[in-house]
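>>> Below are the sequence and a predicted model; questions follow.
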Amino acid sequence: MAETPYNTYRIDGLPPGPIANPGRAALAAVLDPPSTNELFFVANGQGGHVFASTYEEHQRNVAKWRSIERQRAAAGAGAGK
């Protein structure tokens, strides 16, 4: 790990400045958000997310993600044998 004043694993307290700053696209998205009914999101297992407008739909998406997690854990456990 690098010895810098921003490495919060190596220093006590807070770093001398912000750890991260939002970019222009993030600021623009906050100022002009898209119109949508989707309130929930969860990982899709491929590096992205899947969105849902109802809690019931979200719960189904979460169940899919948990299934992916179990499959990956089982594959990882089998690789260690």
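Cool, got the structure. Numbering: from 1, shown residues only.
>>> how about the residue nearest to residue 51 when sequence neighbours are not counted, what does it touch?
In space, and not counting its chain neighbours, residue 51 is closest to residue 38: 4.0 Å by CB to CB, 6 or more residues apart in numbering. Heads up, the C-betas are built off the backbone N, CA and C, glycines and all. When the contact criterion is CB atoms under 8 Å, 6 or more residues apart in numbering, the partners of residue 38 are 51-53.
>>> which SS state does residue 38 fall under?
Following DSSP: H, G, I helix; E, B strand; the rest coil, we place residue 38 in the coil state.
>>> can you offset everything so residue one is 43?
With the count now opening at 43, the last piece we talked about shows up as residue 80.
>>> Show me what the helix or strand where residue 103 lies is packed against.
Using DSSP states H and E, the element containing residue 103 is helix 97-121. Helix 97-121 is packed against strand 82-85, strand 91-94, with contacts defined by 3 or more CB pairs under 8 Å, 6 or more residues apart in numbering; DSSP states H and E.
>>> I'd like the distance between the residue nearest to residue 93 and residue 92.
10 Å (CB to CB, to the nearest Å).
>>> Check residue 107 too.
Note on residue 107: its distance to residue 92, by CB to CB, is 8 Å.
>>> Fine by me, thanks again.
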